[in-house]
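# need a structure here:
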Amino acid sequence: MRWCIYFDTKMNKPYRFLLFIFYFLLFSFAAAIVPEEKTKKSDEQIHLLHSDVLYKSWQDPSADVLVGHVRLYHDGVYLNCDSARFYKQENSFDAFGHVKMVQGDTVTLTSDTLFYDGYDMKARARGHCILIDKKTKLVTENLDYDRIYNVGMYLYGGTLYDGDNVLVSDWGQLTTTTHEAFFTDNVVLTNPKFKLVTDTLYYYTNTEVARIVTPSNIISDDGTFIYGIRGDYNTKTGEAFLLDRSYIIKDMRKVVGDSLHTNEETGFSEAFWNAVITDEENDCMLTGNYCSYDDKTGTAIATDSAVVYEYSQPPDTLYLHGDTLKMFTFNMNTDSVYRDLHAYHKVRFYRRDVQGVCDSMVTHELDSCTYMYGQPIIWNEQQQVFGEEIRIYNNDSTIDWMHIINQAMTIEKLDSASYNQVASKEMFSYFVAGQIDHNIARGNVFVDYFMDEEDGNRIGMNYSESTELYLYMKNKKVDKIWMPAATGTVYPELMIPAEKRYLQNFAWFDYIRPLDKHDIFKWRGKDEKNILKKTEPRKVPLQKLDNLKLKKDKKPEEVKTDTVSGENVILQQLETLQ
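Sure thing, here's the model as predicted:
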């Protein structure tokens, strides 16, 4: 017959004691109804090997009184003591004074007194009890030892010493064959490197692994704090495998997940499913179904629904998503520490005042600049900006200005058919209080600007071409435009040519724009016709040998000067070499 007992670790001690008494009576009743041959554990008799004095007690005629250098043997166990009462018929004895029981070459039990039942192979030791199994030592005042299962159990406080680990609890037991120890009530595991506090704990002496089954706190000497609910903790290496939303905290950073793996020696932590890395020092948070953090290099990674939360400007939190997010730390443990964030691919971000998309992004904390690559677009209210590359410069987590490089275009939506537009080779947008204040465009500038009267009536559209433009905003709308020498035409509202109404590369990407913090996970790319073709820088044309010889025969004044390519300079250098 096999019985299983499950104790509720949160139960009050008086109730737990009553439950223990209940099971004790239940086992006693079960033992009474089991046939006698099944309850007998050993048929071997206890043998008296030596005693200086042996006599019968008139007070207890069934006992042989043994005095002086008493030595007994039973089924592989030797016992030494100062004196004993030996009950041959009952196959048991009471031992007193310097009691020492030795089982094989591994297990030793010492105490002040000990009762031993040879049939059940159980011992009850009292007073200064020490159970030693190889390198493991269990110390308590009251110990019951079952030789059938090789289990030593105490009920009123005990301490286990195992290498560098010291475990203290109100109740516990040690199984020498399986090397498993079980502790409950006020459990404290102390190690030179850490301290573990819990209510219930399993511990394995052969591996020095602690198995956590209830909420537990692990405080390391370097300030690392681990909260574990269920899992294993290797006390030698500091490696932990934890479940049930356990977490680790160090240097104002917290790593949590449905399951967690951490190694204090390597400083590497991994969290799986609903994983979160919180950096309170920098007011940011990294989430994903997989997150990792390297404490020695300061590198954090998030994938699978990865999001970085930047909440330094409450209540406007920035939510940024990418297939993979990586955060790197430089100059760790110095006053000049700084971090970089890399996001790729299919990057989308949302904040109430600004939204954006691109293929990849890099943020450098050192120069407060964010670089957006791969068809980047940024929206602010009814303003849309895009180009081949966008650089965003921040001031205290707020956009200060932007640099749009190559095929730059800014668009302001007026209504479903009318848009103020500026296109140029590069563009600079400056912000005040989170809103675009003015734009500067340089190189091949094209402008579509709708003019309104003070009463709001539309006058027409001004189409202009120039080399430079300054556009100023007021109340989130275009207020005035300044250009140097420019050519252009003003078209009445009803006479705007179709080919002039929208500049080249015009597109209003409302179908791509992130709508809220949940929409950042839904990637929507540009239509094929609106994808920007990356421009290649113009290269100096390579010269053929025949052309060089032909031009060499000409007079210097006959050589044409190509101010763009600098061709004449190259020819003159070649002629000098020849």
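# Just give me the residue closest to the centre of the chain.
Most central in the chain under C-alpha atoms, centre = their mean is Val255, positioned 3.8 Å from the mean C-alpha point.
# you'd agree that residue is up against Ile277?
Yes - Val255 lies in contact with Ile277 (C-beta atoms under 8 Å); the separation is 5.3 Å. Glycine gets a C-beta too; all of them are placed from N, C-alpha and C.
# Find the residues that touch each one of these two.
The contact sets of Val255 and Ile277 overlap at 271, 291, 293 (C-beta atoms under 8 Å, 6 or more residues apart in numbering).
# Spit out the contact partners of the last one.
Contact partners of Tyr293, counting by C-beta under 8 Å, 6+ apart, are 253, 255, 268-269, 277, 299-301.
# Check which helix or strand it maps to.
Secondary-structure assignment from DSSP states H and E places Tyr293 in strand 284-294.
# Over to Leu242?
Using DSSP H and E, Leu242 maps to strand 239-243.
# Sheet partners, orientation included, of that strand?
Here strand 239-243 has these sheet partners by DSSP bridges: strand 230-234 (antiparallel), strand 259-263 (antiparallel).
# who wins for proximity to Thr487 among the ones you listed?
For the strands paired with strand 239-243, proximity to Thr487 was assessed by C-beta to C-beta; strand 259-263 is nearest, at 65.8 Å.
# can you pull out the strands in the stretch 51-200 of the chain?
Using DSSP state E, counting those that start in this stretch, the strands of the stretch 51-200 of the chain run over residues 53-56, 64-74, 77-87, 92-103, 107-117, 122-133, 136-146, 151-154, 158-162, 165-169, 171-175, 180-191, 194-204.
# Looking at those strands, which is nearest to Met327?
Nearest of those (C-beta to C-beta): strand 194-204, 27.1 Å.
# helices or strands up against the helix or strand just after that closest one?
On the C-terminal side of strand 194-204, the nearest following helix or strand under DSSP H and E is strand 209-212. For strand 209-212, the packing partners by 3 or more C-beta pairs under 8 Å, 6 or more residues apart in numbering; DSSP states H and E come out as strand 194-204, strand 230-234.
# The chain - how does it break down into domains?
Each domain of the chain is listed here as a residue range: 1-38, 401-530, 545-577, per automatic domain parsing.
# buried residues in stretch 89-107?
Residues 91-96, 99-103, 107 are the ones in stretch 89-107 that count as buried (16 or more other C-beta atoms under 10 Å).
# Format those as CSV; extra columns: pLDDT and distance to Lys522.
Formatted as CSV, the buried residues of stretch 89-107 follow (pLDDT from 0 to 100; distance: C-beta to C-beta, whole Å):
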residue, pLDDT, distance to Lys522
Asn91, 94, 79
Ser92, 95, 77
Phe93, 96, 80
Asp94, 96, 79
Ala95, 96, 78
Phe96, 97, 80
Val99, 97, 75
Lys100, 97, 74
Met101, 96, 72
Val102, 96, 72
Gln103, 92, 68
Val107, 93, 65
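# Leu79 and Phe96 touch, don't they?
No - counting by C-beta under 8 Å, Leu79 stays clear of Phe96, with 11.6 Å between them.
# related to what we said a few turns ago, need the contacts of Tyr293 in CSV (columns: pLDDT).
What follows is the contacts of Tyr293, written out as CSV (pLDDT from 0 to 100):
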residue, pLDDT
Arg253, 91
Val255, 96
Phe268, 94
Ser269, 95
Ile277, 95
Thr299, 94
Ala300, 95
Ile301, 96
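# Report the buried members of the residues you listed.
Among those, the ones that count as buried by 16+ other C-beta under 10 Å are 253, 255, 268-269, 277, 300-301.
# out of those, which are inside strands?
Among the buried ones among the contacts of Tyr293, the residues falling in strands (DSSP state E) are 253, 255, 268-269, 277, 300-301.
# Arg211 - nearest residue in space that isn't next to it in sequence?
Distance criterion C-beta to C-beta, 6 or more residues apart in numbering; nearest residue to Arg211, sequence neighbours excluded, is Tyr202 at 3.8 Å.
# on that earlier part again, distance to Lys533 for the ones in strands among the buried ones among the contacts of Tyr293 - can I get that in TSV?
Converted to TSV, these look like this (distance: C-beta to C-beta, whole Å):
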residue	distance to Lys533
Arg253	43
Val255	43
Phe268	43
Ser269	44
Ile277	39
Ala300	36
Ile301	33
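# For the stretch 401-550 of the chain, give me the ranges with low pLDDT.
Low-confidence segments of the stretch 401-550 of the chain, defined by pLDDT under 70: 536-550.
# Leaving out chain neighbours, which residue sits closest to Glu465?
Using C-beta to C-beta, 6+ apart, the closest residue to Glu465 is Thr487 (5.3 Å).
# Quick check on that neighbour: phi, psi?
Backbone torsions for Thr487, taken as degrees, to the nearest 10, come to phi -120, psi 140.
# if I look at Asp353, how far off is Val107?
According to C-beta to C-beta, to the nearest Å, Asp353 stands 72 Å off from Val107.
# swap that for Tyr491, sorry
Taking C-beta to C-beta as the measure, Tyr491 falls 102 Å from Val107.
# For the closest residue to Thr535 other than its chain neighbours, list the residues it contacts.
Computed as C-beta to C-beta, 6+ apart, the closest residue to Thr535 that is not its neighbour in sequence is Asn406, at 5.2 Å. Counting by C-beta under 8 Å, 6+ apart, Asn406 touches 387-389, 425-426, 534-535.
# Neighbour-wise, give me the winner out of the residues you listed.
Per-residue neighbour counts (other C-beta atoms under 10 Å) across these peak at Gly387, which has 27 neighbours.
# Isn't that one up against His403?
No - assessed by C-beta under 8 Å, Gly387 is found out of contact with His403, at 9.1 Å.
# which residues are in contact with both of those two?
Taking C-beta under 8 Å, 6+ apart as the criterion, Gly387 and His403 both touch 426-427.
# of the helices and strands packed on strand 209-212, which approaches Gln173 most closely?
Nearest to Gln173 among the helices and strands packed on strand 209-212 is strand 194-204; the distance by C-beta to C-beta comes to 10.5 Å.
# pLDDT on that closest one, on average?
Across strand 194-204, pLDDT averages out at 97.
# just to revisit the earlier point, for the strands paired with strand 239-243, could you give me TSV that also reports mean pLDDT?
TSV is the format used below for those (pLDDT from 0 to 100):
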stretch	mean pLDDT
strand 230-234	96
strand 259-263	95
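# Please identify the deepest-packed of these.
Scoring these by mean neighbour count under mean count of other C-beta atoms under 10 Å gives strand 259-263 as the most buried, with a mean of 21.
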